[in-house]
Structure formats: C-alpha cells, structure tokens
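> pasting the sequence and the predicted coordinates here, then a few questions.
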Amino acid sequence: MEELKNEVKSAKKLFQSPQAGYIFASMLEELTPNKVFVDDIKNPTLALSWDKWSCFFFGGEIEDTKAAKNTIDFFKTHFLNEKKRKSIGIFKIYYPSEVWEKALVENLQEFNPLVLNRVLYQHKLKGIPQNNKKEFIVREINDEILNNSSLGNLDAVTEEISGMWGSVDNFRKNGFGTCALEGNDIICWCTAEYMSKGLCGIGIETVEESQRKGVATATTLAFLNKCSQLGFKPYWDCWAENKPSVRVAEKTGFEKVVDYKVVLLDFLPDD
C-alpha cells in the first residue's frame, strides 16, 4: 500500500457507499484531515482512508477474504501498533460489503473486534420543526463563544472541533455550529463536520446532567436553520442502539438513508 498525496480523487470511486461517500467528498475538498493509502497509485482498486481521528474506511470490491489480507495487514502494521492504539483509543472501521466484514473480523481476532449497527439519516431541510423549548439559550458557535475561556465545557467543544477539523482556526474559517448555554456553561454543542459542497455531517454532544430535557433537540433545530441559511443538507450518523440520538434525529425531521455495520476496536483503558 502506498500513500496518495496529490491525486486523492483517483480513489473516489472506491468510496461510494452512503456512509463513506460524503465523508470522502470532504476529504477531497481538504476540509477534513485525511490520509489515503492505495494498492496502486496509478490505478487503485483497494484503498484505506483515515480521517486522522478515529475513523478508518476500507474501499474497493473484493470477491473473497484473501483479497483483503494485504490491505488489512498494512492497517495492522501502521495503525495497530501499541503507540497508535494508545493515542487513538477507539477505532471505528467502515467497509463496503459483507465480504470485507468477514475479512476484517477474521484478520483482527487478536484485537477482539465487535460488529455493531449504525444508522445514517439525512435532512432535506423542508418543514424544519419549531423550537418550543425556551428554558435555555441557543447560540451560534462563533468567535465570541470560542474566545470566552470562562465558559464551562469549552475545552470539550474545542477538543472535538480540533479532532474533526485539524484545528479550531480551520473551523472558524470553514465550519459552523450551535450550542446551548445554561448560566455560564455550554451544555450541548452541535458542529458541522465532514463538510463538502452542499453537504455536511453533524457532531453533537449533551453533557450528562442536561440529557433528556430537550436540549439536544433545540440545539439541533438551531443547527438545521443555519444549514438552511448556508445551503448544506446535513447527515446524522449514530449507533442504532443509541435510542436518544435516534429519537432526536427523527423528531427533528431527519429521514433514514441506510442501516449499516462497522467493526469497532476498543483500546481505551478500563475505568
């Protein structure tokens, strides 16, 4: 496997699934940090892409599990060494077919792989529901927010932004988001990620003590209105078993695109 540095678009054909396509489009536009490795620089048929955070994407068609072994061995050598396992912690591995799934599970047995269900939604930005929650303030994440070091949970917000955008400055220049405030604390934040022309993903988190109070719904609705203003149709991607997340997505008008699976490797230390 060799790294693609200048002609990343040559691997686009290998990442056409709904769950990977919009993410790779963001990588092509250099709005998401990435590294892409292929089996052949001039005519790639197999590829491995990394968002420099925790997500890895295998691409290309294979007829049997043996065809995937070299790519998976490259992944193990370069990303599953002890240093990388400690620094990344959670590895979320995307793949395009059941054959790839079988190959990954077979070749990663020593790392206790889990196959878990996820669901991808998209919002068409038609008939965005009204926000009926007035108990807290929802604001755009702008310089006023990002420069206010006195805000509680700002570190968590900037950590997520830096992970997805490479830097807070890149987000300031190209991204957008909304957040809910209670007193001097940020209690929920919803940020654009994996942006490309007319599309974006969503990163959302609500602090534990503020969950199940409508905060995520209100923050999402404000985010959707911002998407409508800017012309971005957003995706919502979550674990199928995360019922609160599924509930917020469906309540705010997102429509299901696809159910799919990922392989998860967990190297986080036990509490």
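Okay, I see it.
> just to check, Leu221 is in contact with Phe254?
No. In this structure, Leu221 is not within contact of Phe254 by CB atoms under 8 Å, at 11.4 Å. For glycine as for every other residue, the C-beta is placed from the backbone atoms N, C-alpha and C.
> show me what contacts the closest residue in space to Glu63 that isn't next to it in sequence?
Excluding the flanking residues, the one nearest Glu63 by CB to CB, 6 or more residues apart in numbering is Val99, at 7.1 Å. By CB atoms under 8 Å, 6 or more residues apart in numbering, the contact set of Val99 is Ile62, Glu63, Asp64, Thr65, Ala68.
> helix or strand for Val99, which one?
In this structure, Val99 is located in helix 98-107 according to DSSP states H and E.
> rounded mean pLDDT for that helix, please.
On average, the pLDDT along helix 98-107 is 98.
> same question for stretch 149-168.
Mean predicted confidence for stretch 149-168 is 95.
> quick one: buried residues of that stretch?
Across stretch 149-168, burial judged by 16 or more other CB atoms under 10 Å covers Leu151, Asn153, Leu154, Val157, Thr158, Glu160, Ile161, Ser162, Met164, Trp165, Gly166.
> make a markdown table from those and add secondary structure and distance to Phe15 to it.
Output for these, formatted as a markdown table (DSSP: H, G, I helix; E, B strand; the rest coil; distance: CB to CB, whole Å):
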| residue | secondary structure | distance to Phe15 |
| --- | --- | --- |
| Leu151 | coil | 37 |
| Asn153 | coil | 34 |
| Leu154 | helix | 34 |
| Val157 | helix | 29 |
| Thr158 | helix | 29 |
| Glu160 | helix | 23 |
| Ile161 | helix | 24 |
| Ser162 | helix | 24 |
| Met164 | helix | 18 |
| Trp165 | helix | 20 |
| Gly166 | coil | 20 |
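> out of the residues you listed, who's nearest Val215?
Lowest distance from Val215 to the buried residues of stretch 149-168 (CB to CB) belongs to Asn153, with 12.4 Å.
> how confident was the prediction at the closest residue to that closest one other than its chain neighbours?
Closest residue to Asn153 in three dimensions, ignoring its sequence neighbours and counting by CB to CB, 6+ apart: Ile186, at 4.4 Å. We have a pLDDT of 97 for Ile186.
> show me where the stretch 101-250 of the chain has its helices.
143-146, 154-165, 168-174, 215-230, 243-251 (DSSP state H, counting those that start in this stretch).
> buried sites along the last one?
Of the residues in helix 243-251, those buried under the neighbour-count criterion (16+ other CB under 10 Å) are Ser245, Val246, Val248, Ala249.
> could you do the longest one as well?
With burial defined by 16+ other CB under 10 Å, the residues of helix 215-230 counted as buried are Val215, Ala216, Thr217, Ala218, Thr219, Thr220, Leu221, Ala222, Phe223, Leu224, Lys226, Cys227.
> make a markdown table from the buried residues of stretch 149-168 and add distance to Lys86 to it.
A markdown table is the format used below for the buried residues of stretch 149-168 (distance: CB to CB, whole Å):
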| residue | distance to Lys86 |
| --- | --- |
| Leu151 | 30 |
| Asn153 | 25 |
| Leu154 | 26 |
| Val157 | 24 |
| Thr158 | 22 |
| Glu160 | 20 |
| Ile161 | 23 |
| Ser162 | 19 |
| Met164 | 21 |
| Trp165 | 23 |
| Gly166 | 21 |
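> and the two most separated of the residues you listed?
Once CB to CB is applied, those give Leu151 and Gly166 as the farthest pair, at 22.2 Å.
> and the strands in the stretch 1-150 of the chain?
For the stretch 1-150 of the chain, the strands defined by DSSP state E, counting those that start in this stretch cover 2-4, 35-38, 47-50, 55-59, 90-94, 114-122, 137-140.
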